[in-house]
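Asker: sequence and predicted structure are below.
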Amino acid sequence: MEMLDLTLIWAGIIGFGVIMYVLMDGFDLGVGILFPFAPDEDSRDVLMNSVAPIWDGNETWLVLGGAGLLAAFPVVYSVFLPALYIGVFLMLAGLIFRGIAFEFRFKSHRNRRWWNRAFFGGSTVAAFAQGAVVGAYIQGFPVEDFVYVGGALDWLTPFTVLTGLGLVAGYALLGATWLIMKTEGHIQAWAYRLAPRLLVAVLAVFAIISLWTPFVDDAVRERWFGHLHLLWVFPALAMLCAFWLWRSVQARREGQPFIATLGVFVFTYLGLVVSKWPVIVPPNYTLWDVASAPESQLFLLLGVLFVIPIVLAYTAWSYWVFRGKVRVGEGYH
Amino acid sequence: MELDPLLLSRLQFAFVVSFHAIFPVFTIGLASYLAVLNGLFYRTGNPAWERLAIFWARVFAVVFGMGVVSGIVMAFQFGTNWSNFSLAASNILGPLLSYEVVTAFFLEAAFLGVLLFGRGKVPQGVHLFASIMVALGTFISAFWILVSNSWMQTPAGTELIDGRFHVTDWSEAIFTASFPYRFVHFVMASFLTGGFVVAGVSAWYLLIGRDVEANRKAFSMCLWLLLVLAPTQAIVGDGHGLNTLEHQPTKVAAMEGNWETQSRTPLLLFAWPDQKAQENALEVGLPGVASLILTHDIDGEVPGISEVPPEEQPPVWLVFWSFRIMVAMGLAMIVAVLIGAGLRAKGRLYDHRGFLQFMRVMTITPFLAVLAGWFVTEIGRAPWLVYGIMTQAEAVTPSLTGGMALFTLIGYILVYAVVFYAGTLYLTRVVRQGMLPEPPHDDEVERPKRPLSASHVPFEDAANQPGRS
């Protein structure tokens, strides 16, 4: 008997990494999704500058998550990636394009239009692919003896298309509320107009997914309509945050809409976790089925426990340095 | 023709990893060079060192950024295309590769920003410390990657239980038989790469008479360094080869194009290995020399490829020719540094235009040598992925079809072509700009997580930049 359940600790670390990634890369991908709809080219500069100093750090969590999964939950790594082969490629290609667009758009004048497209296209494709991954996770994977046995595009169903679009809308909402907080004048006014519309879109998708999920996943249906009533706390809190978001946008509060959107994401995420727990490779495998050997989990844990606080401190510091409004003409050219 | 997912996955991995490898191999050498420059400036206060350090930090930032972008893909390749391998080897490779990621992030979070943006904002000693830590960090990153690779070449410290490797002894699994040789060989290759690039760029500046004082210092210093490194690398490479002969004799046999075990094995200068016929179609060689090199005895016996059945042999012509390219590049480097030493003795190091032109061209050689070297060691391991235990065919993702693999192979080639084109074009601009002050900018939005933002050279209008000669 282990003194500590390392698998549980690792589930906590990876779970934390996932939500950190979703929240943080979420708003900067969202800014990319909103990019072509900005009022003018000057505002696009502001949009980009509002996330330029931090986006790269936000993607740290993705790479850490990928490597951590291989080390702690290898079956997740070796089932999800083959099953989502095409989607993973699209996500990576999208992230790369938007990453270099960030850097080279500022340095380029003649080809700026193309970098704009790369930024929008890359962000949108990456967001859609991530949303589809969530949908595919709810759907589950045909797995035999720890090996994925399905086809290349099994993950691409109407349900995952919907979750993909849902996350695009969700990230756009995060982006819009981020811009409410970080900009002013006509750009902020534009973001204020966008936020309620995006919220409606997100809630619509949220509702359809919630109605649809019990038909996609029997285990979730049983849990939802079983005895675990605590479960309903999370969607209720998510709805409360959505209401708060609506009110704070109406009241033209600058910071609250973003916080409220973070709340919507966190409670939706927790709702999903509680619905699925402890199944991690649906429909058959739990966290403990897919874990790596304890000595391997322990070996890496030491390093990760050392580094995560440093990364967090550093992240907090960068956000602190770049607090406040981003204005037209500021930043670099 | 049937699309073979195994072959396409191998091509894809080779492409992605080769493309990625170009950047770190350069940044590892350059990081140490920056630390040296910053140290020299700290000691002497000579502004020429600082000018060099500022310029090369700008180049470092761009190359490091491209390395990070191309590296994201690597974190997912193992799972998408080699899922059976990932699952089987996760207990060992998961922690090792994660430690590389963790090191890289720690380095970025803590020191890269100070190195790239801290000059003049933090005390000079702190800046120097950050520079040394970044250099150290690049070695630690290389350490974990080479540990992983060496374990796949000469596995130890693990046992296979129910199809999965379990670590029985971490220090045995980390310090495997081939690791010390591979690590030294690779680090020296990185230094050679950094040295030849700096020397080549300095040579170009000297040719056009730009910033002569600083570039003479850089050129001279690199050539001293290379004069030691290039011949030493040949000796280290020989040691690595002997180690390979002991642990992976088939790989060495393929490198030598030696099909049958024989004494007095010739060193082949040219050959056309024919895998079907299990012999060389054409060969020109020096009798006994391969025996002499590998066994230190002209009559020594060298094992042949045919010691293992054809299905356990690597594609010989690829290994054979990659090895020859690597060695040819290494010899060219040795010739270059010897000519340099000769010219220095005659006091003509900085004004022999032919030599400066030659050194410009030599910039490409370490990159070719590194890629060829990786081809030798990786293809030479075939058909094994974990040597002697797991083949590539067993390792590939079972659900992967040829069509899927072809789709992503073409996709990655397109994506990387854009990245490489934009990056190289931009790097050329940075080098053209040289050590001139950069256009004015507001540095409020530049931060360590974005190495590329350390450079502000505009993408276009190079012709209009002030002061171009």
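Answerer: That came through fine.

Asker: low pLDDT regions in the chain?
Answerer: Defaulting to chain A. Residues of chain A that meet the criterion pLDDT under 70 lie in A:1-3, A:329-333.

Asker: try chain B instead
Answerer: B:1, B:109, B:437-453, B:459-469.

Asker: can you give me the strands in it?
Answerer: Taking DSSP state E to define them, one finds strands in chain B at B:158-161, B:164-167, B:262-263, B:267-274, B:279-286, B:301-302, B:384-386, B:390-391.

Asker: ok, now which ones touch the nearest residue to residue B:317 once chain neighbours are set aside?
Answerer: Spatially, and ignoring its direct neighbours in sequence, residue B:317 is nearest to residue B:273 (4.5 Å; C-beta to C-beta, 6 or more residues apart in numbering or on different chains). For every residue, glycine as well, the C-beta is placed using N, CA and C. Residue B:273 makes contacts with B:257, B:259, B:279, B:280, B:281, B:316, B:317, B:320, as judged by C-beta atoms under 8 Å, 6 or more residues apart in numbering or on different chains.

Asker: repeat that for residue B:254.
Answerer: Per C-beta under 8 Å, 6+ apart, neighbours of residue B:254: B:305, B:313, B:314, B:316, B:319, B:320, B:380.

Asker: can you do 6 Å?
Answerer: Neighbour list for residue B:254: B:305, B:314, B:316, B:319, B:380 [criterion: C-beta atoms under 6 Å, 6 or more residues apart in numbering or on different chains].

Asker: for PyMOL, write the select line for the buried members of those.
Answerer: Buried subset of these, written as a PyMOL selection, criterion 16 or more other C-beta atoms under 10 Å in any protein chain shown:
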select buried, chain B and resi 305+314+316+319+380
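
Asker: how about the strands in chain A?
Answerer: Here chain A has its strands, by DSSP E, at A:143-144, A:147-148, A:279-281, A:285-286.

Asker: looking at the ones you listed, which is closest to residue B:49?
Answerer: Proximity to residue B:49, assessed across the strands of chain A by C-beta to C-beta, is greatest for strand A:279-281 (54.1 Å).

Asker: give me the helices and strands touching the closest one, please.
Answerer: Applying 3 or more C-beta pairs under 6 Å, 6 or more residues apart in numbering or on different chains; DSSP states H and E, one finds that strand A:279-281 contacts helix A:74-83.

Asker: same for the helix it packs on, what does it pack against?
Answerer: Partner elements for helix A:74-83 (3+ C-beta pairs under 6 Å, 6+ apart): helix A:55-72, strand A:147-148, strand A:279-281, helix B:47-81, helix B:83-107.

Asker: rewinding a little: which among the contacts of residue B:273 count as buried?
Answerer: Buried among those by 16+ other C-beta under 10 Å: B:257, B:259, B:279, B:280, B:316, B:317, B:320.

Asker: top helix in the chain by residue count?
Answerer: With no chain named, the answer covers chain A. Scanning chain A for the helix with the most residues, using DSSP state H, yields helix A:185-216.

Asker: ah, I was thinking of chain B
Answerer: Per DSSP H, chain B has its longest helix at helix B:5-44.

Asker: show me what counts as buried in that one.
Answerer: Buried, per 16+ other C-beta under 10 Å, within helix B:5-44: B:5-6, B:8-10, B:12-13, B:16-17, B:19-38, B:40-42.

Asker: next: stretch A:261-274.
Answerer: Buried, per 16+ other C-beta under 10 Å, within stretch A:261-274: A:261-272, A:274.

Asker: keep only those of those that are in helices.
Answerer: Reading helices off the buried residues of stretch A:261-274 with DSSP H, I get A:261-272, A:274.

Asker: residues near residue B:192, how many?
Answerer: 26 (other C-beta atoms under 10 Å in any protein chain shown).

Asker: one step back: angle of the longest helix of chain B against helix B:47-81?
Answerer: 160 degrees (axes from the mean of the first three to the mean of the last three C-alpha atoms, to 10 degrees).

Asker: which strands and helices lie in contact with helix B:5-44?
Answerer: Partner elements for helix B:5-44 (3+ C-beta pairs under 6 Å, 6+ apart): helix B:47-81, helix B:124-153, helix B:179-207, helix B:365-379, helix B:402-433.

Asker: for chain A, what are the nearby residues on the stretch 151-300 of chain B?
Answerer: Within reach of chain A by C-beta under 6 Å from any C-beta of the partner chain, the stretch 151-300 of chain B has these residues: B:166, B:167.
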